[in-house]
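Undergrad: Need coordinates for the following:
(one chain, ligands or ions: 1)
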Amino acid sequence: MIPFNHLGWFFKYLGPTAYPRDAIKELCHFIRPLPQQASLLDLGSGTGVLSEFAYKCRDDLRFVAIDPSEGMLKFSPPYVETHTARAEQLPFDEAGFELVIIGEALHHFQDPDIVIQEIVRVLKDDGRLFIYEFDPSRSLGKYICLAEKMAGEPANFFKPKVLKNMLEGYGFSVDITLHGWRYTVKAQLTGATDL
Ligand SMILES: C[S@@+](CC[C@H](N)C(=O)[O-])C[C@H]1O[C@@H](n2cnc3c(N)ncnc32)[C@H](O)[C@@H]1O
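TA: As a prediction, this is how the structure comes out:
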């Protein structure tokens with residue numbers, strides 16, 4: 001297993017470099033229509049890298065984050081409300097969030113199906129989901145997938161089309177953008193027209 005609890009300093013300073021500029025632009029564009037002071041939930045937030053990108057475009061939002069590793073959470077920026085928890089069992093009531101974001105973390109979750117059910121539970125009716133992930137069928141993505149399997153991680157990597165189908169099965173409309181061996185998912189529950 002990757003010892004995330006001891007790697008906060010590493011992800012705090014090098015984590016942002018793993019995100020392509022276009023993926024960050026997409027995130028900004030995607031969160032622009034959210035109402036003022038909407039609630040954002042960052043799953044597997046680590047040190048809060050993806051929340052920090054979102055904050056640069058929408059500093060009015062309420063930022064909430066969960067991660068099981070306190071050694072990662074302790075590096076979160078002060079405007080993020082952190083909870084030590086797993087994505088499979090979210091400590092929140094139903095329909096409390098307008099947006100869920102997940103950066104480089106879905107493949108670490110033990111049970112992505114349960115996590116998606118939890119996301120649907122905590123999202124409002126027209127809630128949005130943004131995911132940034134690695135494609136296990138493309139160049140560097142293949143090696144990261146292999147390395148994580150060897151490290152004993154869940155390595156639940158999905159090809160973009162497979163994740164799209166999975167999310168559609170839970171009632172999301174889904175738009176995928178490829179960034180070479182990485183990709184982003186923009187999804188919205190019921191009645192989405194403006195991804
Ligand atoms: C590669 S880090 C990504 C952190 C951050 N999202 C970023 O973009 O830098 C993966 C994170 O997933 C977290 N994680 C692992 N299993 C988890 C689970 N079941 N639920 C929530 N987070 C989990 C780890 O503790 C770690 O902080």
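Undergrad: Could you check the longest strand belonging to the chain against the ligand for contacts?
TA: The single longest strand within the chain, with elements called by DSSP state E, is strand 123-134. No - using Cβ under 6 Å from any ligand atom, strand 123-134 stays clear of the ligand, coming no nearer than 7.2 Å. In short, each C-beta sits where N, CA and C put it, glycine included.
Undergrad: which other helices and strands contact the helix or strand encompassing Lys12?
TA: Using DSSP states H and E, Lys12 sits in helix 8-14. Where contact means 3 or more Cβ pairs under 8 Å, 6 or more residues apart in numbering; DSSP states H and E, helix 8-14 is packed against helix 70-73.
Undergrad: for the helix it packs on, which positions count as buried?
TA: Gly71, Met72, Leu73 (16 or more other Cβ atoms under 10 Å).
Undergrad: With stretch 56-72 instead?
TA: Arg58, Leu61, Phe63, Val64, Ala65, Ile66, Asp67, Pro68, Ser69, Gly71, Met72.
Undergrad: Please apply the same query to stretch 124-132.
TA: Gly127, Arg128, Leu129, Phe130, Ile131, Tyr132.
Undergrad: Redo those residues as CSV? Include pLDDT.
TA: Shown next, in CSV, are those (pLDDT from 0 to 100):
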residue, pLDDT
Gly127, 98
Arg128, 98
Leu129, 98
Phe130, 98
Ile131, 98
Tyr132, 98
